[in-house]
Structures are given as C-alpha cells and as structure tokens.
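Undergrad: dropping a prediction and its sequence here:
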Amino acid sequence: MQRFQCYIDGEFGDGEARFESIDPATGRAWAAMPEAREADVDRAVEAAHKALYAGAWPKLTATHRGKLLYKLADLVADNAGKLAELETRDTGKIIRETSAQIAYVADYYRYYAGIADKIEGSYLPIDKPDMDVWLRREPIGVVAMVVPWNSQLFLSAVKIGPALAAGCTMVVKASEDGPAPLLEFARLVHEAGFPAGVVNIITGFGPSCGAALSRHPKVDHIAFTGGPETARHVVRNSSENLASTSLELGGKSPFIVFADADLESAANAQVAGIFAATGQSCVAGSRLIVERSVKDRFLQILKAKAESIRVGSPLDMATEVGPLATQRQCDHVQALVARSLSAGAKLVTGGAAPEGAGFYYRPTILDCDGSASPSLDNEFFGPVLSVLSFEREDEALRLANDTRYGLAAGVFTQNLTRAHRLMKGIRAGIVWVNTYRAVSPIAPFGGFGLSGHGREGGMEAALDYTRTKTVWLRTSDDPIPDPFVMR
Ligand SMILES: NC(=O)C1=CN([C@@H]2O[C@H](COP(=O)(O)OP(=O)(O)OC[C@H]3O[C@@H](n4cnc5c(N)ncnc54)[C@H](O)[C@@H]3O)[C@@H](O)[C@H]2O)C=CC1
Ligand SMILES: CN(C=O)/C=C(\CC(=O)O)C(=O)O
C-alpha cells in the first residue's frame, strides 16, 4: 500500500494517526494517509505563524516571492502527469480531465507569480497640510485553507497562489476523501524552496482536524470550499478566533436554453455542465430550463448523448464519466433520485448504478415539469440533471432565480439583447453565454446567497489576502499644538 506524509514546518512526517484511502473505482483501500489531529494542527499553525513574522519569508521582496511562485508553476507543469494520476486514483476524477486541469493549474501559479509585485498600496490626498498619509497592503496573516475532494489541486491553487503572492503563510487541509494529490504537491512546494513553515499541508477529518484548524487562535483568515452545512461549522468556529472567511459553496445552477439557440452546441455544453467530472463540480449546470417549443427535441438530443457516454475506469483516457468520489456521495445521489421520483419527477434516462464494484452512477435526466421534485433545490454533486420548461423570457428568469444558491448560470440564445437582459437579471456570480464551465486565472469566480462569498481567481483574490495599514507621517517641524484636540 502506498504511504503519504504531512508537510509541517518544512518537514515530511507521519501524522498522529493513519487512515486508509479508498480507490473509488474499486471500493478498496489503496493508500495509507497521515491523519492530523489537534496536536499536528497546532504545530502547523505555529509554524505558519513563526514563518509570517520571523526568518526569511517576511524579508523577501515581493519580486522574490513571485520568482518562487514561477518555480512552483514550472514544477507543477513538469509533474502534472504524476499529480493527475494520483488525483484520479484517489478521487475517481477521470484522467482525461485531471491531466488537462493540472497542466492548467500551473498557469494559475504563473498568474499569481506575476501579480506578487503588482500589489500596490496608495497615497491619500489627505485634508491636512502637514501630513503625508498612505496605505500599505500587508499580508492578511496565517490562512487556513480547507478544501474538498473534487478538483483538489485546482481549488487549492486558487487559494495558495494569491495568498503567497500577498505574502501570507498557510496551513492547507486536504480532504480526507482523496488527499494524495495535495500531499504529493507538498513535495513540489519543498523543492521550489519556500522557507519552512510558509506552506504546511496536512489532512484529517472534519471534526478533529478541520475544526481544530478553523478555530485556532493564530489563524487570521479561513478560505473554505465545500458544502453549506460544513461552511456553517466553519463560520461558527471563526467566532472563536474572529478570522475572516471566504466561502465557495457550490450551487444549483440554471442552464437556460431558448428555442433560437444552436441546440447541438447547447447540448454539448449541457453535457459538460452536468456529466463532466461525474457532476461533482460546484458550477454544475444541474437545472436545465428549456423553452417548451424545443423541450422534446432538446431532451432527445441530450438523452442520446447521455446514453452514449463511456462510463468506466477513471484511469482510462477513453472514459468520460468515472465513479463518484465516495460511497457516501453515491448513497446521497441514489437517495435524492429516489425521493425525486416519488415526488413526481419522470425518469428520462439513467437512474441507477451500473453492475460491479466502485461508486458508479449512470448519467441521469429527470423531467421535473409539474412536480415539486427535491432535485430542483438540493445539490446532488453527481451526474443528475433536473429539467423544467418555460414559455416566456420572464418565466425563464424567474425559474433561474428560484434557488437559494447563486454560483453560476448558462444562457443559450442567438438573441443579443435577450442575452444582455438575462445576464443582468440572473442572481449568480458567474454567467456564461453560449458556453459553460469555462475558467481562467484571470477571471474571478464565486457566488451569491448559499453559494458563499468572496472571489477566487483574478487580481481581486490577491487583494483579498491583504489587509491595509494606514500610515500617518507628520511633515511639520513645529511642536504639536493643543494636545487635547483631535487633529
Ligand atoms: N463547492 C464545492 O465545490 C463542493 C460542494 N460540496 C457539497 O457538499 C456536500 C457534502 O460534501 P462533503 O464531502 O461532506 O464536503 P464538506 O463540505 O463536508 O468537506 C469539505 C472540507 O471541509 C472539511 N470539514 C468537514 N467538517 C468540518 C468542520 N467541522 N470544520 C472544518 N472543516 C470541516 C472536510 O474535512 C473537507 O476537507 C456535497 O454533497 C456537495 O453537495 C462538496 C464538496 C465540494
Ligand atoms: C470552480 N470551478 C469553476 O469555476 C470549477 C470546478 C471546481 C469545483 O467544482 O469546485 C470544476 O468544475 O471542477
């Protein structure tokens, strides 16, 4: 069995305990993982705290930090194949996607390498003649990063990249469901030459590791990706250390198709939106809202595409849908489909697990017109699409916004003015028009409502890892006048 280690204060070591990681394609244990508990968490946070204020890191210029990030980017690019294989093995995400995604993760580090020495303070045109006042942007401090299993190297890169650019130090908690790629990534951080304690990477369980980390008194900010229920725990934990939070929490994103859209192209985008990554994507376009006049035709195209998807081993380059990451996730998907069918949703295709081992579930489409299906407002995080239809544009917009979430949306139409109206009217942090699930290091993403707050990606994310310090410098040599009056 392969063994992995934690990375704390520049050293690799076994955690306080160990647990076995399950290969989702077989359901069998394949690797032994270090389990960090309270004492390891404490060591990691103390190391990050020490590295923030003492040693080489706070003395480095921003340009030097950028150089280290460039080195890390090159190492990620050079090791993308190995990292991809580990992510696929440990989480079941297909190799076709992990290979491409991790190669692109290198570009996220490159982008933030370039940003490191472009985080500028400012000079204030202050309303007092004998004062110079400016704002410095300083690192926000020690950051706790808590990530889930899906797209783990990607979801950590959008946190680690900007935090390093801003000069922060951090403890990254890899998900207990598939930590191998992040624990391996720690070796690249080490090789890149970051001073000890700047980046610490651990894994462990939510209640014993994630909770200890997010309420630790020396944590200044928590960057979390995961489900809303867990986010509530994280926010409650932050009431102890008063750390700020950024939350990226998934969604129930609408995918709107008008009759004038290129239906073939929209169907491909819908497949990308709900069946890619076996639907385990925070931006999954899980609610199809289609104009009634083309509903049957569009569903026919989609059904044919869903039924021809190659479901199989995630390590096979030809596979298009692999297993879900965990048995728990598989049970959740099955149970929610069953409840939706009981509530009146009609099965268009799928709705069952294929024969054999592993956490597989067939690409599934539920026609929810005329039903109050729970699939319409509960996140599956699996390959299940719920379908509704509309007649008028205002109805489409109402249905799109009929959700507690607000992460992403897709709009498919050839009508330019309509696209603009919807783009403004949809309550979501990302709107894709005639495309879906496109990302870039340059473009921020993040949500409204239950999808969380804070943005990842783009310059804004780097600024979010800073806090401002206001500096007042008196330029007069005269003695300070009346000390009893505020100046
Ligand atoms: N936005 C997204 O990308 C994701 C959304 N989800 C949604 O959440 C649902 C539940 O998935 P889970 O695997 O349970 O994700 P989760 O949200 O529980 O796990 C995410 C991370 O939070 C940590 N965690 C758990 N309890 C914690 C606590 N008390 N304090 C601090 N950290 C804690 C976990 O160890 C993991 O590293 C999914 O079915 C899906 O609907 C899940 C994963 C990612
Ligand atoms: C975050 N994201 C796009 O904006 C995409 C992801 C990662 C995730 O699910 O959190 C994806 O589609 O895999």
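TA: Sure thing, it's come through. Here the structure is a predicted model, which means the values were calculated and not measured. Ligands and ions are numbered 1, 2, ... in the order given.
Undergrad: got the residues of the protein near ligand 1?
TA: Residues of the chain lying close to ligand 1 (CB under 6 Å from any ligand atom) are 146-148, 150, 173, 175-176, 205-207, 210-211, 214, 225-227, 230, 233-234, 237, 248-250, 282, 332, 379, 381. In this view, the C-beta of every residue, glycine as well, is placed from N, C-alpha and C.
Undergrad: among the residues you listed, which are within reach of ligand 2?
TA: Okay, of the residues of the chain next to ligand 1 touching ligand 2 (CB under 6 Å from any ligand atom), that's N150, C282.
Undergrad: OK, contacts around the spatially most central residue of the chain?
TA: Nearest residue to the geometric centre of the chain (CA atoms, centre = their mean): L155, 4.0 Å. Neighbour list for L155: V147, P148, T225, E248 [criterion: CB atoms under 8 Å, 6 or more residues apart in numbering].
Undergrad: tell me the one of those residues nearest E395?
TA: Nearest to E395 among those: E248, at 29.8 Å, using CB to CB.
Undergrad: if I look at the closest one, how far off is V311?
TA: 28 Å (CB to CB, to the nearest Å).
Undergrad: try T435
TA: From T435 over to V311 (counting by CB to CB), the distance is 25 Å.
Undergrad: compare these two (neighbour count), which wins?
TA: V311 (18 against 14; other CB atoms under 10 Å).
Undergrad: pretty sure the more buried one contacts E320?
TA: Yes: under the criterion of CB atoms under 8 Å, V311 makes contact with E320 at 7.3 Å.
Undergrad: tell me the phi and psi of A409?
TA: Per-residue torsions, A409: phi -160, psi 150 (degrees, to the nearest 10).
Undergrad: that one contacts I430, correct?
TA: Yes: at 7.3 Å, A409 and I430 qualify as touching, with contact defined as CB under 8 Å.
Undergrad: so which of those two has more stuff around it?
TA: Ranked by neighbour count (other CB under 10 Å), A409 and I430 place A409 first, with 29 against 23.
Undergrad: residues in a beta bridge with that one, which ones?
TA: Bridge pairing for A409 (DSSP bridges) gives the partners V431.
Undergrad: who's in contact with it?
TA: So A409 contacts S253, P254, F255, I256, G285, A400, I426, A428, I430, V431, W432 (CB under 8 Å, 6+ apart).
Undergrad: packing partners for the longest helix along the chain?
TA: Using DSSP state H to define each element, the chain has its longest helix at helix 95-115. On a contact count with 3 or more CB pairs under 8 Å, 6 or more residues apart in numbering; DSSP states H and E, helix 95-115 meets helix 62-78, helix 80-91, helix 152-166, helix 458-464.
Undergrad: dump those to CSV, plus mean pLDDT.
TA: Shown next, in CSV, are those (pLDDT from 0 to 100):
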stretch, mean pLDDT
helix 62-78, 98
helix 80-91, 98
helix 152-166, 98
helix 458-464, 97
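Undergrad: what's around T98, how many residues?
TA: Look at T98: counted by other CB under 10 Å, it has 30 neighbours.
Undergrad: apart from its neighbours in sequence, what residue is nearest it?
TA: The shortest distance from T98 to any non-neighbouring residue, by CB to CB, 6 or more residues apart in numbering, is to A84 (3.9 Å).
Undergrad: now the one you found: how far from V158?
TA: A84 sits at a distance of 18 Å from V158 (criterion: CB to CB).
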